[in-house]
Every structure is written in structure tokens, then in C-alpha cells.
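> below are the sequence and a predicted model; questions follow.
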Amino acid sequence: MKEIDTKKLINFSINGTPAQAKEGWTVLDTARNMGIHIPTLCHHEAVEPSGACRLCVVEARDGAWSKVVVSCMYPPYEGVEILTDSERVKNVRRWVLEMLLAQCPASREIKALAAEYGVKSTRFRIKNPEEQCMLCGLCVRVCAEVVGVQAISLGSRGVLKHVSTPYMVPNRACIACGSCVTVCPTGAMQARLDKVRGDVSQRTGHGFAH
Ligand code: SF4
Ligand code: FES
């Protein structure tokens, strides 16, 4: 068994319980290692964190100050106190969920998650009642970083931003592996997959699922 160099461990606390993080771990990594639940949407261990959804917020306290930080990107440091479920944290999560309800009101997954936090409606403007995508970019990152084919990207900017293929036509680079569908937290990618891969049975040459 490999020895852990305890001198390199970072000592802090999560919800009052002593916590130890290895160098390079985030608060989320440490919490998961301790079996402490922090909700996430845009996070996946296989890809670099992007901090897109903000649902994983926690409170970091150090002496007289405290601030809300994104746990999937926040590196703990010696002595910091982390609270994963304080009133302040729950308020920010409810606010994030209201924004997500406005961004992707057609997502059953987001509605169910919001309901868990008592959020049933949103004060924010709903642009498209049919929208399921929260624009977290997880599908794009998995396609590029894990599958290595870059078949999809987040196209356009601002209100026109959307997940698509280059030139919005089926992309032959897509190997129809379905990784994007598997990781999508809102169910949006399932409906988009055919637009990305096209009719796989009609393809020849490389880049094929079969
Ligand atoms: S399709 Fe899914 S994974 Fe991709 S950006 Fe939209 S919500 Fe995120
Ligand atoms: S899970 Fe941390 S910002 Fe989305």
C-alpha cells in the first residue's frame, strides 16, 4: 500500500468535521471523499471543472470573514472552515435554480432538482419555454477532452449561444458514442443527438460507430 505523505495534506474542516485534502484537491473532491453530498450539474470527474452552473456553492469561513465559493474549483487551505448547507448556501442555490428554471424550463431534471429546494417558479424571464439546455458545456468538454473528436461546440454568443456542430449540419467527426448524452445533466442532449451525428447507417469510412 502506498504511504500518504501527511505533511502534504491540507487540514481544514467541512461542516465542523476535520477534513484533509491532498494537494490539488478541491473542496468538492474532499467532500466527496468524506461522503458529504454537494449538488453539482456541470461537474464530471473525467473533465476539467468549468464552474458553469454555480450549484455546487459552499460557504468558506476564515476568522471574521466568510464568502460563497464554487466548490468544484475552490482549493481548500489550512484552517478554512467550509459549510456545505448553511442558510446562505441554500439561498444562493435557490437563486441559481431559479435562473436555471428560466434558462431551461423544459428540463424535467432541473424541475425535479429545483423542487427539492422548494423552488417551483422563477422570477427571471423565460426566453424559450421549450428549452432544455442549460448551456453548461459539459457535453462539449467530454466530447473534446475524453472522446477527443470535438464534434460539438458552444456556438454564438449571449442569448444566441447554443450547443451545435460546425455550420449546424451533422458532423462526420461524431462517432455516435453517446458520451454527450450520458453526461448531460438536463436531458437536452438526447434530443440533439440526431442533429449532431446524422444518419449513422448511411455513413462509410472512418468515424463510424459500426
Ligand atoms: S446539452 Fe446538456 S451537457 Fe450540453 S450544454 Fe446543454 S445542458 Fe450542458
Ligand atoms: S458543479 Fe461546480 S459550478 Fe457546476
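Yes, it's here. Ligands and ions are numbered 1, 2, ... in the order given.
> domain parsing for the protein?
6-84, 86-135, 138-202 (automatic domain parsing).
> do the first one and ligand 1 meet?
No - with Cβ under 6 Å from any ligand atom as the criterion, ligand 1 is not reached by domain 6-84; the gap is at least 6.8 Å. Where C-beta positions appear, they are placed from N, C-alpha and C, glycine not excepted.
> just give the nearest non-adjacent residue to residue 54, would you?
Counting by Cβ to Cβ, 6 or more residues apart in numbering, the nearest residue to residue 54 once its immediate chain neighbours are dropped is residue 96, at 5.0 Å.
> now the domains of the chain as JSON lines including mean neighbour count and mean pLDDT?
Shown next, in JSON lines, are the domains of the chain (neighbours: other Cβ atoms under 10 Å; pLDDT from 0 to 100):
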{"stretch": "domain 6-84", "mean neighbour count": "17", "mean pLDDT": "96"}
{"stretch": "domain 86-135", "mean neighbour count": "16", "mean pLDDT": "96"}
{"stretch": "domain 138-202", "mean neighbour count": "17", "mean pLDDT": "85"}
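> and the ones you listed as TSV, adding distance to ligand 2?
Shown next, in TSV, are the domains of the chain (distance: least, Cβ to the nearest ligand atom, whole Å):
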stretch	distance to ligand 2
domain 6-84	3
domain 86-135	9
domain 138-202	9
